[in-house]
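Chemist: I would like to see how this sequence folds:
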Amino acid sequence: MYVKNSVPQHLISDCNNPNNKGLTPKDVFKESYKKLVRKGGQWLNSTANSCSLVATLITTAAFTTTASVPGGINENSSRPNLEQHPGFIIFGVSSLIALAFSVTSVITFLVILTSRCQQKDFQRDLPRKLLLELTSLFISLGAMLVCFCSAHFFLLKDKLKHAAFPLYAVASVPVIFFAIMQFPFYFDLLAATFKKAPQRTPSG
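Modeler: Numbering: from 1, shown residues only. Next comes the predicted model:
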């Protein structure tokens, strides 16, 4: 679109005229980038396969934690014994967030895996879907870590109360390392998806 807007208007009417081989500019563009589109589709499917495995594991763990109740249930009132504890509230909220966003990530990955990966899809559709699934994956990873830490706090609060937070910091290292490795690509994808092409200047 940027190139089209940069071309003088009197040449736009000739853009659909075929060349000496009978190909229009659009046909030449499609033919020139056919291999790039195929490689891009292969890379996208490979990325979606790898990330969907991680998202599925998070979904399984999140579903298990949402079905469990730290501290057990009061037999008389059938209510959680630790429902008034701040850690229990954090556990419940973070487990639901992890489950919701991990399921969203899995569904979006499946949508990408079943997409046709045509040239027009790479312009907006596929990058936005990939951005959505990576965002959901990052949020679910963070929520799952918070959920596990809040659940283990009930085990450590008496004997290892002062060592709990250093242990949580060490447990966060794998997630932080994953984020550091993926954030450069994530921000590049974010910029490429939403950054607008420069507008043509009057002298351009």
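Chemist: where does Ser50 fall, phi/psi-wise?
Modeler: phi -70, psi -50 (degrees, to the nearest 10).
Chemist: gap between it and Ile112?
Modeler: Ser50 sits 12 Å away from Ile112, going by CB to CB, to the nearest Å. Every residue, glycine included, has its C-beta placed from N, CA and C.
Chemist: out of the two, which sits in the more crowded spot?
Modeler: Applying other CB atoms under 10 Å to Ser50 and Ile112 shows that Ile112 carries more neighbours, namely 23 against 11.
Chemist: after the helix or strand containing Leu36 comes which helix or strand?
Modeler: According to DSSP states H and E, Leu36 maps onto helix 34-66. Downstream of helix 34-66, the next assigned helix or strand under DSSP H and E is helix 86-113.
Chemist: that next one versus helix 34-66: what angle between them?
Modeler: 150 degrees (axes from the mean of the first three to the mean of the last three CA atoms, to 10 degrees).
Chemist: buried stuff in helix 86-113?
Modeler: Counting neighbours by 16 or more other CB atoms under 10 Å, one finds that the buried residues in helix 86-113 are 87-88, 90-92, 94-95, 97-106, 108-109, 112.
Chemist: mean confidence score for that helix?
Modeler: For helix 86-113, the mean per-residue pLDDT is 85.
Chemist: so how far is that helix off the chain centroid?
Modeler: 12 Å (CA atoms, centre = their mean, to the nearest Å).
Chemist: where does this structure have low pLDDT?
Modeler: For the chain, the stretches with pLDDT under 70 are 1-29, 70-72, 74, 77-78, 80-83, 155-164, 196-204.
Chemist: find the centremost residue of the protein, please.
Modeler: In the chain, the centroid-proximal residue (CA atoms, centre = their mean) is Leu134; its distance is 1.1 Å.
Chemist: ok, it touching Leu189?
Modeler: Yes. Judged on CB atoms under 8 Å, Leu134 makes contact with Leu189 at a distance of 7.3 Å.
Chemist: now could you export just the CA positions of stretch 128-148 as PDB?
Modeler: The C-alpha coordinates for stretch 128-148 follow below in PDB (Å, rounded to 0.1, in the frame of the first residue of the first chain):
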ATOM      1  CA  ARG A 128      -2.100 -10.600  14.800                       C
ATOM      2  CA  LYS A 129      -3.000 -14.200  15.600                       C
ATOM      3  CA  LEU A 130       0.600 -15.000  16.500                       C
ATOM      4  CA  LEU A 131       0.800 -11.900  18.700                       C
ATOM      5  CA  LEU A 132      -2.400 -12.900  20.500                       C
ATOM      6  CA  GLU A 133      -1.300 -16.400  21.200                       C
ATOM      7  CA  LEU A 134       2.200 -15.300  22.400                       C
ATOM      8  CA  THR A 135       0.600 -12.700  24.700                       C
ATOM      9  CA  SER A 136      -1.800 -15.300  26.100                       C
ATOM     10  CA  LEU A 137       1.100 -17.700  26.500                       C
ATOM     11  CA  PHE A 138       3.200 -15.200  28.500                       C
ATOM     12  CA  ILE A 139       0.300 -14.200  30.700                       C
ATOM     13  CA  SER A 140      -0.600 -17.900  31.400                       C
ATOM     14  CA  LEU A 141       3.100 -18.600  32.300                       C
ATOM     15  CA  GLY A 142       3.200 -15.700  34.700                       C
ATOM     16  CA  ALA A 143      -0.200 -16.600  36.300                       C
ATOM     17  CA  MET A 144       0.800 -20.200  36.600                       C
ATOM     18  CA  LEU A 145       4.000 -19.200  38.400                       C
ATOM     19  CA  VAL A 146       2.100 -17.000  40.800                       C
ATOM     20  CA  CYS A 147      -0.400 -19.800  41.400                       C
ATOM     21  CA  PHE A 148       2.300 -22.300  42.300                       C
END
